[in-house]
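S.K.: What would the 3D arrangement of this be:
(2 chains)
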Amino acid sequence: AQSVSQHNHHVILSEAASLELGCNYSYGGTVNLFWYVQYPGQHLQLLLKYFSGDPLVKGIKGFEAEFIKSKFSFNLRKPSVQWSDTAEYFCAVNAVGTNAGKSTFGDGTTLTVKP
Amino acid sequence: DTGVSQDPRHKITKRGQNVTFRCDPISEHNRLYWYRQTLGQGPEFLTYFQNEAQLEKSRLLSDRFSAERPKGSFSTLEIQRTEQGDSAMYLCASSYRTSDEQFFGPGTRLTVL
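M.R.: I've put the predicted structure just below:
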């Protein structure tokens, strides 16, 4: 069974600070990895995804994430956060192959950016 | 197409009543998923359809829960004899291919009194 662990439950930063949110997953096979974001009052939407190839992937709004297979990690980064990045961030993993289908989500990290 | 839609957005019911939620996926997506989310947690998988076939059900889905996707388009999730523990946000998502990114609807917030 898959599991996802997000280490930071609540992060508070000032504008222009750098961001790194941790995500580790547990699954023995091939996975696709995702970061979703939920802005206040809005529904979940995709921030970025990794399927294969370059382990450093870039998403919308200046976010990027690096897949480190040996560490089962897919950490999210942004060099300089803005007040509008205040949201809840979810890491998710989908198995590829016979167990494909559902997404397994972490419990989320609430990011608050102070202006 | 404006994305995944869910109806109703909010439902308040008394314990023991039955409730039904509807999800309309993005039209060209043949995969449809139901999740449940409670405060402070990420979405938890409930069940998944490929076209009209229900391919996987979580053990979270007790026999009081049933989901259908009769024509491979919209889906319904019914909860019978609701309990206070069923209070949660019920999310629907759809995707074009298995293991693809999923597109989420706004959710139905259920409150069981």
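S.K.: For chain B, what's its nearest residue on chain A.
M.R.: Using Cβ to the nearest Cβ, the single residue of chain A nearest to chain B is A:F105, 3.3 Å away. Any C-beta I mention is one placed from the backbone N, CA and C, and that applies to glycine too.
S.K.: Phi first, then psi, for the closest residue to that residue other than its chain neighbours.
M.R.: Once flanking residues are discounted, A:F105 sits nearest to B:G42: 3.3 Å by Cβ to Cβ, 6 or more residues apart in numbering or on different chains. B:G42 adopts backbone torsions of phi -80, psi 170, taken as degrees, to the nearest 10.
S.K.: so B:G42 makes contact with A:G108?
M.R.: Yes - using Cβ atoms under 8 Å, B:G42 is in contact with A:G108, at 5.2 Å.
S.K.: which neighbours do the two share?
M.R.: Jointly contacting B:G42 and A:G108 under the rule Cβ atoms under 8 Å, 6 or more residues apart in numbering or on different chains are A:6, A:90.
S.K.: quick one, which of the two is more surrounded?
M.R.: Remark: of B:G42 and A:G108, A:G108 carries more neighbours, 25 against 21, as counted by other Cβ atoms under 10 Å in any protein chain shown.
S.K.: For A:G53, see how far away that one is.
M.R.: Separation of A:G108 from A:G53 (Cβ to Cβ, to the nearest Å): 27 Å.
S.K.: ok, the most centrally placed residue in chain A - contacts?
M.R.: Nearest to the geometric centre of chain A sits A:W35, at 3.3 Å (Cα atoms, centre = their mean). By Cβ under 8 Å, 6+ apart, the residues touching A:W35 are A:23, A:46-49, A:59, A:63, A:65, A:74, A:76, A:89-92.
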